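Novice: output the structure for:
(one chain, ligands or ions: 3)
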Amino acid sequence: MATNIILLGPPGAGKGTQARRLIEERGLVQLSTGDMLREARSSGTEMGQLVAKVMDRGELVTDEIVIGLIREKLDQGGNGFIFDGFPRTLAQADALEGLMKDEGQQIDAVVEMRVDDTALVSRISGRFTCGNCGEVYHDVTKPTKAEGVCDVCGSTDLRRRADDNAESLKTRLMEYYKKTSPLIGYYYAKGNLHPVDGLAEIDQVASAVSAVLNGTGSKT
Ligand code: ADP
Ligand code: ADP
Ligand code: ZN
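Specialist: Ligands and ions are numbered 1, 2, ... in the order given. Predicted coordinates:
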């Protein structure tokens, strides 16, 4: 039976970092709408050009676009999916429910990564990623072992995101509170919300997420 989970949390909460752990440890497939949209941008597709400015401002792109992106990937399931950065609106959550039903599947757990806003600024401003393998780093909390070289794949193509600046973060946080945070209540009401302390160290957060997936996590 596949396990499908949603990682829910504000920008910088650690969703991508934990998703990578779950891929490795459980063979789950990560579906990050942020990564898909950045890929569309860099390959210069029409849709990529359309969303570039919206993303740089830190606003959400339309539900129609991201639901379309997710729909295309749902036949690549394997052991299950990690939805990372999707859904971000109630309309997206409803659409996901319908798509999962069509596939004869369900969302098994929604992991809410709780991090306070003051931590998010330093999380976002210190973030960089490997352009080759996608490993996520941080200037202070997770630097590369050798300066300028990815620990995982040895690439020197380390990148910072155009939208990882204080101005865009303000908008992203506002979007999160206005449009995404209602999902916490939505999944609570459905009975599959599991909060974890996202401020703990990366390994500890991973253990907490693992406990949820093993069915021993705190259910609120
Ligand atoms: P973060 O790491 O800050 O949580 P993401 O990489 O998930 O950010 O998303 C980057 C940007 O891509 C968002 O600010 C938004 O413009 C767009 N985006 C990503 N996922 C969605 C989504 N599900 N709905 C709408 N816009 C999205
Ligand atoms: P999100 O996908 O939710 O936007 P990321 O996984 O990209 O978040 O993490 C944002 C930044 O915070 C990255 O630089 C990452 O290395 C760092 N980070 C992630 N989890 C932790 C943690 N538990 N403690 C300290 N830093 C973390
Ligand atoms: Zn790498």
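
Novice: how many neighbouring residues does the nearest residue to residue 21 once chain neighbours are set aside have?
Specialist: Nearest residue to residue 21, sequence neighbours excluded (Cβ to Cβ, 6 or more residues apart in numbering): residue 206, at 4.9 Å. C-beta here means a position set from N, CA and C on the backbone, and glycine is covered the same way. Residues near residue 206, counting by other Cβ atoms under 10 Å, number 19.

Novice: quick check: residue 206 is in a helix.
Specialist: Yes - using DSSP: H, G, I helix; E, B strand; the rest coil, the assignment for residue 206 is a helix.

Novice: mind starting the numbering at 703 from now?
Specialist: Shifting the count to begin at 703 puts that one at residue 908.

Novice: just the pLDDT for it.
Specialist: Listed pLDDT for residue 908 reads 97.

Novice: ok, it to residue 741 distance?
Specialist: Distance, residue 908 to residue 741, by Cβ to Cβ, to the nearest Å: 26 Å.

Novice: tell me which residues in the one helix or strand residue 831 maps to are buried?
Specialist: Per DSSP states H and E, residue 831 falls inside strand 829-832. For strand 829-832, the neighbour count (16 or more other Cβ atoms under 10 Å) marks 829, 830, 831, 832 as buried.

Novice: quick revisit: so the residue nearest to residue 723 sits right up against residue 720, yeah?
Specialist: Yes - under the criterion of Cβ atoms under 8 Å, residue 908 makes contact with residue 720 at 6.2 Å.

Novice: would you mind listing what in this protein touches ligand 2?
Specialist: Proximity of the chain to ligand 2 (Cβ under 6 Å from any ligand atom) is limited to residues 711, 713-719, 825, 828-829, 838-840, 843-844, 903-904, 907.

Novice: for residue 895, see how far away residue 768 is.
Specialist: 21 Å.

Novice: more neighbours: which of the two?
Specialist: Comparing residue 768 with residue 895 by other Cβ under 10 Å, the one with more neighbours is residue 768, at 24 against 21.

Novice: residue contacts, the more buried one?
Specialist: By Cβ atoms under 8 Å, 6 or more residues apart in numbering, the contact set of residue 768 is 735, 739, 788, 790, 794.

Novice: pop out the phi and psi values for the residue nearest the centre of the chain.
Specialist: The centroid of the chain falls nearest to residue 786 when counting by Cα atoms, centre = their mean (2.9 Å). Taking degrees, to the nearest 10, you get phi -120, psi 110 for the backbone angles of residue 786.

Novice: need the contact list for it.
Specialist: Neighbouring residues of residue 786 by Cβ under 8 Å, 6+ apart: 709, 717, 718, 721, 732, 733, 734, 735, 736, 737.

Novice: confidence score at it?
Specialist: For residue 786, pLDDT reads 97.

Novice: and it, how close does it get to residue 858?
Specialist: In terms of Cβ to Cβ, residue 786 sits 26 Å off from residue 858.

Novice: surely residue 790 and residue 882 touch.
Specialist: Yes - in this structure, residue 790 is within contact of residue 882 by Cβ under 8 Å, at 4.7 Å.

Novice: circling back to that earlier point, make a ChimeraX selection of the buried ones in the residues of the chain next to ligand 2.
Specialist: Only the buried entries of the residues of the chain next to ligand 2 go into this ChimeraX selection, using 16+ other Cβ under 10 Å:
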select :711,713,714,715,716,717,718,719,825,828,829,838,839,840,844,907
